[in-house]
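Peer 1: build me a model from this:
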Amino acid sequence: MTDNVQLLQGNEACAHGAILAGVKFFGGYPITPSTEIAENLARMLPTVGGTFMQMEDEIGSLAAVIGAAVSGAKSMTATSGPGFSLMQEHIGYAYMAEVPCVIIDVQRGGPSTGLPTKVSQSDIMQAAYGTHGDYHSIVLSASSCEECLTLTIKAVNLAEKYRTPVVLLTDEVIGHMREKVRIPSPDDIEVYDRIKPDVPPEWYRHFEITPTFVGPMASFGEGYRFNITGLTHDQMGFPTARPVEIKNKLDKLRKKIVQNKEEICEIKTVYMDDEPNVAVISTGIVSRAANQAIKMARQKRMKVGAMQLVTVWPFPDHILKEYLKSVRHLVVAELNQGQLIKEIERYVDTRHTKIIPLQRYDSELITPQMILDTIREVK
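Peer 2: You can find the predicted model right below:
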């Protein structure tokens, strides 16, 4: 094992990814199974000039993160289950106020207190639609400890680039298992910093509607005057009741995500270029079982493939449609009662491709054999 490879938990890898991405503030409240992210950043952030703050609860945690972000620091928090639910109002505030920040949700069984030490993927819909109002979210999903590191970096970059909250989903198993993780040199990774204003303070509009729908962002204390509120506001940040300004604001929140789907969305595939007639689609920890099941099926001369949703939201339907041209049976494997499949059914022509659910929600993992058995049933 070389010096830049370590045996890390997924939660520890998230902390390393945060440091590499330039995170300088973490506000959080301990909750199983995410606590190790906070514990590690409590040790690591002071060594890079950053700040760790344990708050009184999850509501205060995200409030502190938002405050740090508008003051100029790359900021994040981590939580799980009930904590993620408590954060939803402030997540909505961050969407409206266009505050870049990252929330890592280490999923566990629910609803309510649920199963703190058991695996689940039941926050997929909440990650996209947890708070009220019209907005479009960016949600990533990690399937390994290595991806916990790389996708934490990607989440921070996307948050800074599009001035929006970004959610990274992991789960109890990935958070607590250990794998070899390559920790890249800072020189080998791309780190994106938010666009800063290049106009005089009297010309600056904090919520300017630009051709890209992402405007520059000044920080508190830099000499620029602006207002921040959760109320629907004009380009200076002051509340408005003018219909045209309301529409323009909500269009901005939508277009800055939807018009950049090509750049935001990522899918990993196995044998999908081989035009399989059966495919498995999954995300997170289930993708590992799916990939193993595909290897087992290919050894038995079955023409099958697999797709892993790295980006869950915005939903990568444009990529999915291209890969499904040859697929006659699509197995949707997930650790819930069918959250991913609802979105897939919106985009798949079921006259051409039959959708087969494979769902488990008894706190145990979907195994490769379960997926292989499902593939055999449809062959």
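Peer 1: any idea of the mean pLDDT in stretch 98-106?
Peer 2: Averaged across stretch 98-106, pLDDT comes to 98.
Peer 1: and stretch 341-360, by the same measure?
Peer 2: Stretch 341-360 comes out at a mean pLDDT of 95.
Peer 1: so residue 355 makes contact with residue 333?
Peer 2: No: between residue 355 and residue 333 there is no contact, the gap being 11.6 Å when judged by C-beta atoms under 8 Å. Where C-beta positions appear, they are placed from N, C-alpha and C, glycine not excepted.
Peer 1: those two: which is more packed in?
Peer 2: The neighbour count for residue 355 versus residue 333, taken as other C-beta atoms under 10 Å, is higher for residue 333 (26 against 14).
Peer 1: hang on, that one in a helix?
Peer 2: No: looking at residue 333 with DSSP: H, G, I helix; E, B strand; the rest coil, it is strand, so not inside a helix.
Peer 1: so what's it bridging to?
Peer 2: residue 358 (DSSP bridges).
Peer 1: roughly how far does it sit from residue 278?
Peer 2: Going from residue 333 to residue 278 by C-beta to C-beta, to the nearest Å gives 13 Å.
Peer 1: what do you get for residue 153?
Peer 2: Counting by C-beta to C-beta, the gap from residue 153 to residue 278 is 34 Å.
Peer 1: try residue 120
Peer 2: 26 Å.
Peer 1: for the lowest-mean-pLDDT helix or strand in the chain, name the packing helices and strands.
Peer 2: In the chain, no helix or strand scores lower on mean pLDDT, DSSP states H and E than helix 317-323, which sits at a mean of 93. Helix 317-323 is packed against strand 267-270, strand 304-309, helix 340-347, with contacts defined by 3 or more C-beta pairs under 8 Å, 6 or more residues apart in numbering; DSSP states H and E.
Peer 1: would you map the helices across the stretch 201-350 of the chain?
Peer 2: Taking DSSP state H, counting those that start in this stretch to define them, one finds helices in the stretch 201-350 of the chain at 243-258, 261-264, 286-299, 317-323, 340-347.
Peer 1: just say which of those is most tucked in.
Peer 2: helix 286-299 (a mean of 21; mean count of other C-beta atoms under 10 Å).
Peer 1: contacts for it?
Peer 2: By C-beta atoms under 8 Å, 6 or more residues apart in numbering, the residues outside helix 286-299 that reach it are 121, 143-144, 268, 270-271, 280-282, 304-306, 308, 333-335, 365-372, 375.
Peer 1: narrow those to just the buried residues.
Peer 2: Neighbour-count burial (16 or more other C-beta atoms under 10 Å) applied to these gives 121, 143-144, 270-271, 280-282, 304-306, 308, 333-335, 366, 368, 371-372, 375.
Peer 1: just checking, next helix/strand downstream of the longest helix seen in the chain?
Peer 2: Counting by DSSP state H, the longest helix found in the chain is helix 145-162. Using DSSP states H and E, the helix or strand that follows helix 145-162 towards the C-terminus is strand 165-171.
Peer 1: that next one: partners in the sheet, and parallel or antiparallel?
Peer 2: Strand 165-171 has its sheet partners listed here by DSSP bridges as strand 101-107 (parallel), strand 138-141 (parallel).
Peer 1: what angle do that strand and helix 145-162 make?
Peer 2: Here the directions of strand 165-171 and helix 145-162 differ by 170 degrees (axes from the mean of the first three to the mean of the last three C-alpha atoms, to 10 degrees).
Peer 1: got the angle between strand 165-171 and helix 286-299?
Peer 2: Going by the same axes, to 10 degrees, strand 165-171 makes 60 degrees with helix 286-299.
Peer 1: next structured bit after strand 165-171?
Peer 2: Taking DSSP H and E, what comes next after strand 165-171 is helix 172-176.
Peer 1: this completes my enquiry, with thanks.
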